[in-house]
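A.B. asks: show me the folded form of this:
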Amino acid sequence: MFDAHLHIIDPRFPLVGNNGYLPEHFTIAQYRERMSGFGVEGGAVVSGSWQETDQPYLVAALAELGDSWVGVTQLDPDATDDDIVELDRAGVRAIRFNLKRGAIDIAGLTLQALRAHEIAGWHAELYVDGSLLPSLEPVLAKLPAASVDHMGMSTDGLPYLLNLVDRGVKVKATGFGRVEMDILDTLRQIHAVSPEALMFGSDLPGTRAQRAFDASDIDVIADAVGDDLAAVLDTNARRFYRVPPKRAVQQSESSVALG
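C.D. replies: Numbering: from 1, shown residues only. Now for the predicted structure:
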């Protein structure tokens, strides 16, 4: 399993209140305990609104997690090309835009996303309510690679989300406790447009959600995608984040050792 959406909230690093909200700590040890038994062999650590453009926590988390783990960061507008290159070396593979928790300069979003993709091949990830997708669709359609968090949050913009999926945009099957939609039907519609679009994520620790990830969420995904479950739980995200399968990494290391 590749967990394409989780948050690490390390007490060693400062947080910034978002609309007065500060989450409780959620360490790598807590995450591993919570997901024990699920066979997680990689994932994407995503920066939250309360981490703003802070990257030291993310670099530290990726160093501890090791191979098969990548980062998704919110990038300072003043970040240089060298900053992006250094973050890419640390394992960052995407830039996140939080349109749900704060105002975003759409023109700046587009320029940042295009620059990060040109320099390091990063894709853009958007935390956005479906109601905004009609106005954002022309912009998103121009991005080289992009994904939408939590299935777009609501059914308001589902037709527009499906149009984006048809153009190659990925969708995270995450945050079932924070969305307002028929989850099973939405997953089925997305999967019908593109079996390669959906990517599982636990969204742990589930900050501000009505409920956190539960094992039953996997059952819902399985019901929606059938024989493509392995792709949604693992290979779709690995391909998108450019992370090789765990076994491929181990075989490569063994070959080097034998050579």
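
A.B. asks: now name the helix or strand holding the residue nearest to residue 8 when sequence neighbours are not counted.
C.D. replies: Spatially, and ignoring its direct neighbours in sequence, residue 8 is nearest to residue 61 (4.6 Å; Cβ to Cβ, 6 or more residues apart in numbering). Backbone N, C-alpha and C define where each C-beta goes, glycine included. Element membership for residue 61 (DSSP states H and E) is helix 56-65.

A.B. asks: could I get the buried residue list for that helix?
C.D. replies: Residues of helix 56-65 classed as buried: 57, 58, 59, 60, 61, 62, 65 (neighbour count, 16 or more other Cβ atoms under 10 Å).

A.B. asks: let's have those residues in TSV, adding pLDDT.
C.D. replies: Formatted as TSV, the buried residues of helix 56-65 follow (pLDDT from 0 to 100):
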residue	pLDDT
57	96
58	97
59	97
60	98
61	98
62	98
65	98
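
A.B. asks: let's have those residues in JSON lines, adding distance to residue 199.
C.D. replies: Shown next, in JSON lines, are these (distance: Cβ to Cβ, whole Å):
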{"residue": "57", "distance to residue 199": "23"}
{"residue": "58", "distance to residue 199": "19"}
{"residue": "59", "distance to residue 199": "23"}
{"residue": "60", "distance to residue 199": "24"}
{"residue": "61", "distance to residue 199": "19"}
{"residue": "62", "distance to residue 199": "19"}
{"residue": "65", "distance to residue 199": "18"}
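
A.B. asks: that older thread, by contact count, what packs against the helix or strand following the helix holding residue 61?
C.D. replies: Next along the chain after helix 56-65, taking DSSP H and E as the criterion, comes strand 69-73. For strand 69-73, the helices and strands in contact under the criterion 3 or more Cβ pairs under 8 Å, 6 or more residues apart in numbering; DSSP states H and E are strand 43-46, helix 56-65, helix 81-90, strand 92-98.

A.B. asks: out of the ones you listed, which is closest to residue 222?
C.D. replies: strand 43-46 (19.2 Å; Cβ to Cβ).
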